[in-house]
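Participant: Sharing a model prediction with you, sequence too.
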Amino acid sequence: MITVNENLCKGCNLCTEFCPQKVYKESKKLDKKGIHVPAPVDEEKCKKCGLCALMCPDQAIKVEEDEDEE
Ligand code: SF4
Ligand code: SF4
């Protein structure tokens, strides 16, 4: 599961650019700082490589293994 912490994200879009699976898309939603927080729209394509979390300069992304597939 991918979570983007809106309070930490500054909308630099590094995650969007570097994800090899193109999981992220800039969301239409503006947060309270007036930035577009990226949304993991194609999360099922995510390979859990952790690159997005590594690239994020603000540690806004958490990538967790889905242990309990339902
Ligand atoms: S963990 Fe890897 S595949 Fe998944 S969203 Fe991040 S960069 Fe993309
Ligand atoms: S890399 Fe981090 S700060 Fe930049 S847009 Fe992605 S989540 Fe936000």
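Facilitator: Arrived safely, thanks for sending. Ligands and ions are numbered 1, 2, ... in the order given.

Participant: Restricting the selection to alpha carbons, write stretch 26-36 to PDB.
Facilitator: Taking C-alpha atoms only, stretch 26-36 is exported to PDB below (Å, rounded to 0.1, in the frame of the first residue of the first chain):
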ATOM      1  CA  GLU A  26      -0.600  14.500 -10.400                       C
ATOM      2  CA  SER A  27      -3.900  14.800  -8.700                       C
ATOM      3  CA  LYS A  28      -6.400  17.500  -9.600                       C
ATOM      4  CA  LYS A  29      -6.800  18.100  -5.900                       C
ATOM      5  CA  LEU A  30      -5.000  21.100  -4.400                       C
ATOM      6  CA  ASP A  31      -3.900  20.800  -0.800                       C
ATOM      7  CA  LYS A  32      -3.900  23.600   1.600                       C
ATOM      8  CA  LYS A  33      -0.500  24.800   0.400                       C
ATOM      9  CA  GLY A  34      -1.800  25.100  -3.100                       C
ATOM     10  CA  ILE A  35       0.100  22.200  -4.500                       C
ATOM     11  CA  HIS A  36      -0.900  19.100  -6.400                       C
END
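
Participant: Give me the mean pLDDT for that stretch.
Facilitator: Taken as a whole, stretch 26-36 has a mean pLDDT of 84.

Participant: Would you indicate which residues of that stretch are buried?
Facilitator: By 16 or more other C-beta atoms under 10 Å, the buried positions in stretch 26-36 come out as 27, 35-36. For glycine as for every other residue, the C-beta is placed from the backbone atoms N, C-alpha and C.

Participant: Checking my notes, Ser27 in a helix, right?
Facilitator: No - assigned with DSSP: H, G, I helix; E, B strand; the rest coil, Ser27 falls outside any helix and is strand.
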